[in-house]
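K.L.:
no sequence for this one, just the structure:
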């Protein structure tokens, strides 16, 4: 992300480092994935490129990954049987909600 921002801004690593007040080796280590910068370090670097860091909700947040992993451990036949049973359970719930005898 930092390399992309720096290149879009037309800056060298040295130029970016100078603008952001960090060392050029730090910029290099971040870009090569050898260092995970704190937000206090990354923010000024991105801002020096004319961009900003924004915190946004990640898609899939709140998803029960354990349930997904359990499903992936099932064989295709087990997945199909589970899907059919689930569909029947949903149909049963809908029928009961509508007051239709099952």
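P.N.:
Yep, it's here. Note that the coordinates shown come from a computational prediction; the quantities given were computed from them, not determined experimentally. Residues are numbered from 1 along each chain as shown.
K.L.:
Please make it C-alpha for all contacts and neighbour counts, starting now.
P.N.:
OK.
K.L.:
Distance check, residue 47 against residue 4.
P.N.:
13 Å (CA to CA, to the nearest Å).
K.L.:
higher neighbour count, these two?
P.N.:
Remark: of residue 47 and residue 4, residue 47 carries more neighbours, 16 against 12, as counted by other CA atoms under 10 Å.
K.L.:
Quick one, grab the pLDDT at the more buried one.
P.N.:
Looking at residue 47, its pLDDT stands at 96.
K.L.:
who's in contact with it?
P.N.:
By CA atoms under 8 Å, 6 or more residues apart in numbering, the contact set of residue 47 is residue 53.
K.L.:
where in this structure is pLDDT low?
P.N.:
Across the chain, the ranges flagged by pLDDT under 70 are 101-102.
K.L.:
now the helices for it?
P.N.:
In the chain, the helices defined using DSSP state H lie at 2-8, 13-20, 24-31, 39-48, 65-73, 76-98.
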